[in-house]
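**Q** What follows is a predicted structure for the sequence shown.
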Amino acid sequence: MSEETNNTVNVWIDGNTYEATPGENLLQAVLDQKLDLPYFCWHPSLGSVGACRQCAVMVYADEEDERGRLTMACMTPVTEGLRVSVEAAHAAEFRESVIEWLMENHPHDCPVCEEGGECHLQDMTVMTGHSARRYRGNKRTFNNQYLGPFINHEMNRCITCYRCVRYYRDYAGGTDLQAFGSRARMYFGREQDGVLENPFAGNLVEVCPTGVFTDKPFSSSYTRKWDLRSAPGICMGCSVGCNTFPAERYGRLKRITNRYHGEINGYFLCDRGRFGSGFVNEETRIRHPGRRAEDGVFEMVAVDESLQEISSLLSAGGVLGIGSPRASLESNFALRELVGVDNFSCGLGAGEARATLRTLEVYDAGAGQIASLSDVEQADAVLVLGEDVLNTAPRAALSIRQAVRNEALQMAEDAGIPTWQAAGVKDHAQGHKNPLFLVTNLPTGLDDISRGCLQGDSHRIAAIGHTIAHGIDERFPDGGIDDALIEDVVNTLTSAERPLIVSGTSQESAAIVEAAGHITAALSACDKAPSLLLSGMEVNSYGAALLGGCDVDVALGRAAEGKVKTLVVLENDLFRRAEPALVEQALEAIENLIVIDVIDGATADRADWVMPAASFAESTGTFVNYETRAQRSYEVFLPADEIRPAWEWLAAFGRMKWETVDDVSAAIAGLPQFAAVSEVAPSADYRTTAHMKVPRQPHRASGRTAMTADVSVHEPKTAIDEDTPLSFSMEGYNRNQPGGLVPYVWSPGWNSNQSVFKFQQEVAGPLTGGDPGVRLVEPAGKNTDPVYDVQPVQSEAAGIRLFPAFSVFASDELAVRSPAVRERAGYASVVLSAADAEVLGVSSGDGVRCDVLDVALEVEIEDGVSQGCAYVKWGGEGVNRRLPADSVELRHDPGYQKPVPTVIARG
Amino acid sequence: MSVELKPLTGRIDDVGGLVSLEAYREAGGYEAARRALTEMTPGEVQEIVKEANLRGRGGAGFPTGVKWSFVPDVEGRKYLVCNGDEMEPGTFKDRYLLEYDPHLLVEGMLIASYAIGADQAYVFLRGEYHEPYRQLDAAIRAAREAGLLGDGIFGTSYALSLDIHRSGGRYICGEETALLNALEGKRANPRTKPPFPPASGAWGRPTIVNNIETLCNVPGILSHGAEWYQDLGIGEDSGTKLYGVSGRVNNPGLWELPIGTTIREIIEVHAGGMMEGYRLRGILPGGASTDFLVEEHLDLPMDYGSIQAAGSRMGTGTMILMDDSVCPVGISLNLQHFFAQESCGFCTPCREGLPWLEQVLADIEAGRGEPGDLELLDKNAAFIGAPGNTFCLHATGAIEPLQSALKYFREDFEEHLATGRCKYRDVMPVQESAG
């Protein structure tokens, strides 16, 4: 939040002099020095409010002053020569008293509390020295609420720090969590039991300093933090590439928590990312090589036999490989090497491939700076063109929410209020926002903070974009849209200092990306410093696109023409990429279908051979996010059964000489567009202090000798990790390593995630070892000239055409296979224009049937939808497959009944 | 005549009850406002109020004119908010003014709004004040009809809209920034300072919050001048003050007297002295949230400086007397119960600390006290009560009567602990600690 300044001031803390940033709050300055000072209500992303009174220190007027004044560090700006004592007895006694007050009503149920062992309240209690209870009264008790499948509620543990409501309401824009009551009976919850609606609610688990809000799926298969094995992971949920800590015990992926990245996710994840990895533990995982027998049923085949047979199929020629935007760069590259670049498809559908390649072109033109999420949060005007960001790149939407709050920070600064004074800023700014404009298919979850919204189909969105570009700079072609809001958009963007353009590939429209590129170029031409966020659809869409090869439609077309004998499909469900009819044609025409995947699906169901691929949690690989930032995700635990990383299968098929991930990475770095991949992660022989590996387990991990005692009393040898500098045990040293190699955060006295400041250069700054990842596209030049023509709008076809509507919980292929996310994904529905609804004779809540898709869909009606367009939202159950390009027939289904969603856990 | 000596209540005395708009105008009402709006600049109005040395009558005693001068000269909306929350136990002075002379407040607010450049003013009124609301509402309507509020007042370009907001009813709403939050429809938690309301108050705009009695002093100052106002006071402070007495006196009530009248005169002359058979033991001089004074302080003048020097505060100037039939532990318990209940729940020491004190006091009063309880009370009171240790001054006010009770009436606390009973009661008290 604070501006970067070079000037520092000297602050005297307990006899030592430190440099600090003037104006920043004293608590943060103390923590910047890696000193210990207890706190609760302050949070680096939420600022100071002075509620808990825990961070009290003594501040002295001058050298002569020996009495000092008790002062709340979080509410005190740093000034030159400030004299502070953290250790002074009076301050220490007061801090102990604060804990004693907080503990009056705390249930002391640590042994059965999910937070135990990583509880900030425990840590702070120990840090202040409070140990004996003197309060003699009864403890207050509350009723807890059902908050949905993600979060448990246990209000008796609450210490009333107000972090939850400040995060949920002020930061994440939620409305259904509130502070109720007063005095010593404050209650934080919903008006009544019910699902917490905000898709970033999961962060409450980490924001809450004790066990009020805890991770419900984790609780159902619980392990103490100190017994978890974790590694630096990348979220597989979308193209943002948030950094995560996936954590395991007994071969089961237990949970995902946030791994701080200064430029991407900061302190927060979305709920798709946090709760969408349950598929790793699902029964439907593919675990053994399998072959379709004569009777059509799969039979398990020994590994050697499968390798032998597949190798001989492949050596017969006529091989085509289809890669995947959800597989690692290593696996995609291995497939490309196996089949040859001419027989390789990047795994993107035709429309998505076109749009994704265009985003790379626009990035490369260099007119706008590629925006990391921390850049997004600095923007002072935002235009979203075509992307339902909250549902296609959710974490980016949370950053856009912060961008619109910059106006408030500016107003506060002008009024002399420190920007970290969260309540002061809010009271003063009274909801003033930076301008945000949204041009989308349907209303979105950001509409509540926007200055204006326009809706339309993808052609209209592109035309609106071109009209805006033309309005900024007449050299750019005009989209010809007449709307009063466009003038406001143009004026706002041109008067902003740091305008941000957000677009992406979800509309499968190269034209929209071109328009976004033109707007950026036009702004750049008038000496603005625009930045650009172009989201992709999946975790490695950009990596796959950069690898080259044809799109899936072209590949399937070749197969359908009979030019392919054996099709190798890597971690991809073709029925989601291409029209089912085309897939069917191709599968009819080929002789062998070999599918390597994590979990079964429509394509695997049709395979002749299936090979079990490791999930992200069981393999190490590189993924390229929307910024073209390549990042390494590390194996957390060894895969069970015969599961292996896909690249290993592919290497074995082709008898390639790669032993480790490093070998594959080195080969990838041989491609010019991937040269920077060699810098993404240290090689397996990297060692930290004292020549040690980095441990996946904290040093207090217990029960190692007992974990397999039910099988054998002899402790198995710890597996050796030859791929990475991480060890599978607690042996090693978790400090001083590159930022991408931090497998968990812990520091003496700091068992919770709050310990992350000990791993940062300064509070909320870059990680000590640098923020992970390397950008593959770094534009050399800066082209601010028009490049693209405006595409003529195609004439309207008769009937209704279907387009996808995206959903944070239903849209991701793997996340929706996680039980908790599936519960939130709802059921299939279709958004119709009022005109079409009238023609069909349906109203909201009715059902329509679509025979081509063989589904019943619940009707929603939206004014902004134009006649002839309908948007399909898939739910948690049933098929989520490619919609037909041609218009379809919908008809009223009088017998439609709203599906009853499965509720996994109540209470 | 009486108005010049008793500018706040003289009119009521003259009329012998409710002062109507006609009666108010006959007595020269709204002429001060007319003069201010037609003949003076806002700066000149501020200056005369500053010179008169009018200090805030809500309890803090901050110079009113100085406060007004903090309003920055910026474009856009400014607000005057009248703090009519009057939730202080034992205090009923503002209510008296509203029930009998509401136009005095309307005129005071008109002048004050003009002085700070506000075009919107609010009266934040205690929710239970039904009759004061009725009278003030009627007065505002009458003033509007008479063109004394609204557009073009007294033929000038100045416009003022005045509205009443009735409180939902929490003690903390009397804290000026909690009041602003409540006015905005938010939780009544005090705000972070800075920004202070004159710079950024209601809806983030410059806002002055003044007590009813304070604003009611303004018309008189404008009519008769700063010097007249200064001369009304006996000591260093200026003007008159509404003093009240409750407790076992012969004539409990409320009187407008020169500020600086001694406590003894207020109790013995105006309140008629203690009832027969009762001895005065303690005085809460300005409401429940002030330190106890005792007999030795009787000859102190009731003004801001003298009472502060004695270790207490004049507060609202309406005193509660404790006589020798009242248990000091019981009264402390009663007060801590009130303050714990009225905590807004924002900061830890107040929210969690006050109920603990209440619980320990309940134990002592019920004969369940334990050795070390007094030291526990001392230590916690010191930590909770020190200004700055809590977010606002609610807890500081809560601790003032307790700390002084522990000082002046310690033997009563010790006796409870030693004997395991309360000698002031025949039966054990039934009051339980709050949940």
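**A** That came in fine, so what should we check first?
**Q** all strands in the stretch 151-300 of chain B, in order from the N-terminus.
**A** Secondary structure of the stretch 151-300 of chain B by DSSP state E, counting those that start in this stretch: the strands cover B:161-166, B:207-211, B:240-246, B:253-258, B:280-284.
**Q** which of the ones you listed is buried the deepest?
**A** Of the strands of the stretch 151-300 of chain B, the one with the most neighbours on average (mean count of other Cβ atoms under 10 Å in any protein chain shown) is strand B:207-211, at a mean of 26. Using the backbone N, CA and C atoms, a C-beta is placed for each residue, glycine as well.
**Q** that older thread, looking at the strands of the stretch 151-300 of chain B, spot the one closest to chain A.
**A** Between chain A and the strands of the stretch 151-300 of chain B, the tightest spacing by Cβ to the nearest Cβ is seen for strand B:207-211, at 11.0 Å.
**Q** what is the mean pLDDT for that closest one?
**A** Averaged across strand B:207-211, the pLDDT comes to 98.
**Q** what do you get for stretch B:236-244?
**A** For stretch B:236-244, mean pLDDT is 96.
**Q** Could you export that stretch as PDB, CA atoms only?
**A** Extracted in PDB, the C-alpha atoms of stretch B:236-244 (Å, rounded to 0.1, in the frame of the first residue of the first chain):
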ATOM      1  CA  GLU B 236     -11.900  31.200  35.200                       C
ATOM      2  CA  ASP B 237     -14.800  29.800  33.200                       C
ATOM      3  CA  SER B 238     -17.500  31.800  31.500                       C
ATOM      4  CA  GLY B 239     -21.200  31.600  31.400                       C
ATOM      5  CA  THR B 240     -23.800  29.700  33.400                       C
ATOM      6  CA  LYS B 241     -24.000  26.000  33.800                       C
ATOM      7  CA  LEU B 242     -26.900  23.700  34.400                       C
ATOM      8  CA  TYR B 243     -26.100  21.900  37.600                       C
ATOM      9  CA  GLY B 244     -28.100  18.900  38.900                       C
END
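**Q** so how far is that stretch from its chain's centroid?
**A** Centroid displacement of stretch B:236-244 relative to its chain, using Cα atoms, centre = their mean, to the nearest Å, is 13 Å.
**Q** Could you chop chain A up by domain?
**A** Residue ranges for the domains of chain A, per automatic domain parsing: A:9-102, A:227-233+A:244-264+A:687-707+A:723-777, A:290-346+A:548-681, A:353-400+A:425-538, A:801-892.
**Q** ok, the most centrally placed residue in chain A - contacts?
**A** By Cα atoms, centre = their mean, chain A has its centre lying nearest to residue A:242, at 4.4 Å. By Cβ atoms under 8 Å, 6 or more residues apart in numbering or on different chains, the contact set of residue A:242 is A:234-235, A:258-259, A:261, A:264-265, A:269-270, A:273, A:395.
**Q** Can you tell me which of these is nearest chain B?
**A** residue A:258 (26.8 Å).
**Q** Not counting its neighbours along the chain, what's nearest the closest one?
**A** Nearest residue to residue A:258, sequence neighbours excluded (Cβ to Cβ, 6 or more residues apart in numbering or on different chains): residue A:269, at 5.0 Å.
**Q** Does the one you found touch residue A:235 like I think?
**A** Yes - assessed by Cβ atoms under 8 Å, residue A:269 is found in contact with residue A:235 at 6.8 Å.
**Q** Now the common contact residues for those two.
**A** Joint contacts of residue A:269 and residue A:235 (Cβ under 8 Å, 6+ apart) are A:242, A:244, A:256.
**Q** circling back: make JSON lines from the strands of the stretch 151-300 of chain B and add distance to chain A to it.
**A** As requested, the strands of the stretch 151-300 of chain B are exported to JSON lines (distance: least, Cβ to the nearest Cβ, whole Å):
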{"stretch": "strand B:161-166", "distance to chain A": "17"}
{"stretch": "strand B:207-211", "distance to chain A": "11"}
{"stretch": "strand B:240-246", "distance to chain A": "26"}
{"stretch": "strand B:253-258", "distance to chain A": "31"}
{"stretch": "strand B:280-284", "distance to chain A": "22"}
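**Q** Nearest approach to residue B:124 belongs to which of those strands?
**A** Smallest distance to residue B:124 across the strands of the stretch 151-300 of chain B (Cβ to Cβ): 5.1 Å, for strand B:161-166.
**Q** Sheet-wise, list the partners of the closest one with their directions.
**A** Applying DSSP bridges, strand B:161-166 is found paired with strand B:120-125 (parallel).
**Q** Quick check: what element follows the partner strand along the chain?
**A** Per DSSP states H and E, the first helix or strand lying C-terminal to strand B:120-125 is helix B:130-145.
**Q** How about the stretch 51-200 of chain B: which residue is closest to chain A?
**A** Going by Cβ to the nearest Cβ, chain A is nearest to residue B:192 of the stretch 51-200 of chain B, at 4.0 Å.
**Q** Neighbours of that residue, how many?
**A** Neighbourhood size, residue B:192 [other Cβ atoms under 10 Å in any protein chain shown]: 23.
**Q** Can you give me the distance of the closest residue to it other than its chain neighbours to residue B:375?
**A** Distances taken as Cβ to Cβ, 6+ apart put residue A:424 closest to residue B:192, at 4.0 Å, once the chain neighbours are dropped. Shown here: residue A:424 relative to residue B:375, a distance of 38 Å by Cβ to Cβ, to the nearest Å.
**Q** Between these two, point out the one with more neighbours.
**A** residue A:424 (25 against 9).
**Q** which intervals of chain A have sub-threshold pLDDT?
**A** A:1-6, A:794-797, A:878-879, A:901-907 (pLDDT under 70).
**Q** in chain B, what spans have low per-residue confidence?
**A** For chain B, the ranges with pLDDT under 70 are B:1, B:426-435.
**Q** Pop the domain breakdown of it in here.
**A** For chain B, the domain assignment from automatic domain parsing gives the residue ranges B:2-231, B:234-323, B:328-419.
**Q** so what's the residue nearest to residue A:53 when sequence neighbours are not counted up against?
**A** If the residues on either side of it in the chain are set aside, residue A:53 comes closest to residue B:348, at 5.0 Å by Cβ to Cβ, 6+ apart. Residue B:348 is in contact with A:51-54, A:98, A:101-102, A:159-160, counting by Cβ under 8 Å, 6+ apart.
**Q** Reformat these as a markdown table; add neighbour count.
**A** Listed next are these as a markdown table, based on neighbours: other Cβ atoms under 10 Å in any protein chain shown:
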| residue | neighbour count |
| --- | --- |
| A:51 | 24 |
| A:52 | 31 |
| A:53 | 31 |
| A:54 | 27 |
| A:98 | 28 |
| A:101 | 27 |
| A:102 | 26 |
| A:159 | 28 |
| A:160 | 25 |
